[in-house]
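Asker: requesting a structural model of the entry that follows:
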Amino acid sequence: TRSRPSTGLTSGSTRRRTPTGTTPTRPTATRPTQTRTTATRRRAAAAALERCLEPVGADEFLAEHWEQRPLVVARDEPGRFDDLLSEGDVERLVCSTAIRYPAFRLVREGGQLDVASYTADVPWRPPFTATADIPRVLGEWEGGATIVLQALHVHWHPLAVFCRQLEEALGHSVQANAYWTPRGSQGFAVHHDTHDVFVLQVAGEKRWLLYDPLLELPLKHQRWSTALGDPGEPTGDLTLRAGDTLYLPRGWLHEAETSATDSLHLTVGITAYTWLDALRAALADCEDELPFRRGLADGADAADELLERLRDRLVPEDVERRRRRRFLDGRRPIREDALSQLRALEQLDGDTLLERRSTVVADLEEDGDGVRLLFEGREVRLPAHARAELVACFEAEEPFRADDLPGELDAAGRLVLVRRLVREGFLRIMDA
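Answerer: I've put the predicted structure just below:
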């Protein structure tokens, strides 16, 4: 049986039972006044999303396709995505770098090959285990196995940067895998993904069959199973060529196969923050309230009060605050030049060209004690009199010099500020 789309949460129209008896007055939590500054989508982030979608606009995509229905953008533009990962890059990674499982794996016709059948240990102390055994990998690929490169957003710099820019544009976690399938082959049978995906066709071509979802918007643990039912007949049949994009919402069933050419495509996965995540985060915030810590026997009639307290924590501002903080805390540093930046600090002066690091997603918060820069699970706290200079660094889209920063700090103070921001990884020294 196909699931029906969720009607979402409703508010304001549900009548709650009026408690009888004497209800103790609970204290009203007072939050410190904070002002958050979240920069509008930066140019690099907007450009990354545009690269996936154009000529379709981002607003049109989010309104008409996101979590709703597939989108196919046919371009037939060889080379469009080669700078992210080319066939030559894949060949070098697989055949000359001693790549190890699980950074790569082999699949064929819906099944994963036994890792021991195509890997070997490289003698060392301790040994490098499960590295690619080149002759066996080549034999399996020639026999129809797909080479899967996994978590490229972690260990392949061009895709690490691209995925981070997409994260900033979409506000959700992004990951990337690559699939190199030999001609006339199929890597996976019919299945659905538990995250939304952009399929970016890098080289060759691949035929895709799409089926309506049997389980709409599945959660991470709700993986595809034949127990969900018969997929039925395909509702979409298309061929992606180099430079094309396919967007699939999570839950849409699909399978793909090559024809007369080898195929390389990227699957860029987007893990959405759901209302279930928001409810769990709000409930976790309730652990400091005594009624939630009482045993059930002590409060059989407490459900109305507990739901009211939970409801108080679901105001839009608080939901967004928790979502954003979790998102910022989960971004790992991407600093390809971190060591040389430390050495370049020795020569930094007021005339040195600086820029905001493109891989940093950050928020700026103000309170009575000063300003805080939040990114990568850290807080950089500065006094209120440094606000203007910090905001200028935060909003910078072009290179700048410390001497040109606005605000009340003197020349020495501006250098102290930018040195700290370089050391923290928020700014970088150009041409270092």
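Asker: rest of the way, CA atoms for contacts and neighbours
Answerer: Will do.
Asker: which residues of this protein score low on pLDDT?
Answerer: Scanning the chain for pLDDT under 70 picks out 1-41, 298-300.
Asker: hmm, try it at 90
Answerer: 1-42, 76, 109-111, 186-189, 258-259, 294-304, 367-369, 432 (pLDDT under 90).
Asker: can you tell me the closest non-neighbouring residue to W141?
Answerer: The shortest distance from W141 to any non-neighbouring residue, by Cα to Cα, 6 or more residues apart in numbering, is to P182 (6.6 Å).
Asker: what about that neighbour, neighbour count?
Answerer: Neighbourhood size, P182 [other Cα atoms under 10 Å]: 24.
Asker: my guess is it meets T261, correct?
Answerer: Yes. Between P182 and T261 there is a contact at 7.2 Å, judged by Cα atoms under 8 Å.
Asker: quick one, helices of the stretch 251-400 of the chain?
Answerer: With helices called from DSSP state H, counting those that start in this stretch, the stretch 251-400 of the chain shows them at 275-284, 290-293, 303-312, 316-329, 338-344, 387-395.
Asker: redo these as a markdown table? Include distance to G407.
Answerer: Below are the helices of the stretch 251-400 of the chain laid out as a markdown table (distance: least, Cα to Cα, whole Å):
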| stretch | distance to G407 |
| --- | --- |
| helix 275-284 | 38 |
| helix 290-293 | 46 |
| helix 303-312 | 39 |
| helix 316-329 | 27 |
| helix 338-344 | 25 |
| helix 387-395 | 5 |
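Asker: and of those, who's closest to L228?
Answerer: L228 lies closest, by Cα to Cα, to one member of the helices of the stretch 251-400 of the chain: helix 275-284, at 21.6 Å.
Asker: show me what the closest one is in contact with.
Answerer: 310, 313-314, 319, 322-323 (Cα atoms under 8 Å, 6 or more residues apart in numbering).
Asker: how about it as CSV, C-alpha atoms only?
Answerer: In CSV, the C-alpha atoms belonging to helix 275-284 read as follows (Å, rounded to 0.1, in the frame of the first residue of the first chain):
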residue,chain,number,x,y,z
TRP,A,275,10.1,17.8,11.5
LEU,A,276,11.0,14.6,13.4
ASP,A,277,14.5,16.0,13.9
ALA,A,278,12.9,19.2,15.2
LEU,A,279,10.6,17.4,17.6
ARG,A,280,13.5,15.3,19.0
ALA,A,281,15.6,18.4,19.5
ALA,A,282,12.8,20.2,21.2
LEU,A,283,12.2,17.2,23.5
ALA,A,284,15.9,17.0,24.3
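Asker: pull out the buried positions in that helix.
Answerer: Residues of helix 275-284 classed as buried: 278-279, 281-283 (neighbour count, 16 or more other Cα atoms under 10 Å).
Asker: among the helices of the stretch 251-400 of the chain, which is the most enclosed?
Answerer: Of those, the one with the most neighbours on average (mean count of other Cα atoms under 10 Å) is helix 387-395, at a mean of 19.
Asker: send the alpha carbons of it over as PDB?
Answerer: Coordinates of each C-alpha in helix 387-395 appear next as PDB, following Å, rounded to 0.1, in the frame of the first residue of the first chain:
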ATOM      1  CA  ARG A 387      31.600  44.500  16.200                       C
ATOM      2  CA  ALA A 388      32.000  46.600  13.100                       C
ATOM      3  CA  GLU A 389      35.300  45.000  12.100                       C
ATOM      4  CA  LEU A 390      34.000  41.500  12.700                       C
ATOM      5  CA  VAL A 391      30.800  42.200  10.700                       C
ATOM      6  CA  ALA A 392      32.900  43.500   7.800                       C
ATOM      7  CA  CYS A 393      35.000  40.300   7.800                       C
ATOM      8  CA  PHE A 394      31.800  38.200   8.100                       C
ATOM      9  CA  GLU A 395      30.100  39.800   5.100                       C
END
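Asker: which outside residues touch that helix?
Answerer: Taking Cα under 8 Å, 6+ apart as the rule, helix 387-395 contacts 39, 356, 364, 370-371, 405-409, 414, 417, 427.
Asker: go with 7 Å
Answerer: Helix 387-395 is contacted by residues 39, 356, 371, 405-407 when judged by Cα atoms under 7 Å, 6 or more residues apart in numbering.
Asker: strand partners (parallel or antiparallel) of the helix or strand just after that helix?
Answerer: Toward the C-terminal end, the helix or strand that comes next after helix 387-395 (DSSP states H and E) is strand 400-401. If you go by DSSP bridges, strand 400-401 pairs up with strand 353-356 (antiparallel).
Asker: how far off centre is the partner strand?
Answerer: 25 Å (Cα atoms, centre = their mean, to the nearest Å).
Asker: just the CA atoms of it, as PDB, please.
Answerer: Output in PDB follows, covering the C-alpha atoms of strand 353-356 (Å, rounded to 0.1, in the frame of the first residue of the first chain):
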ATOM      1  CA  LEU A 353      45.200  40.900   1.200                       C
ATOM      2  CA  LEU A 354      42.700  38.700   3.100                       C
ATOM      3  CA  GLU A 355      39.600  36.800   2.200                       C
ATOM      4  CA  ARG A 356      36.800  34.900   4.000                       C
END
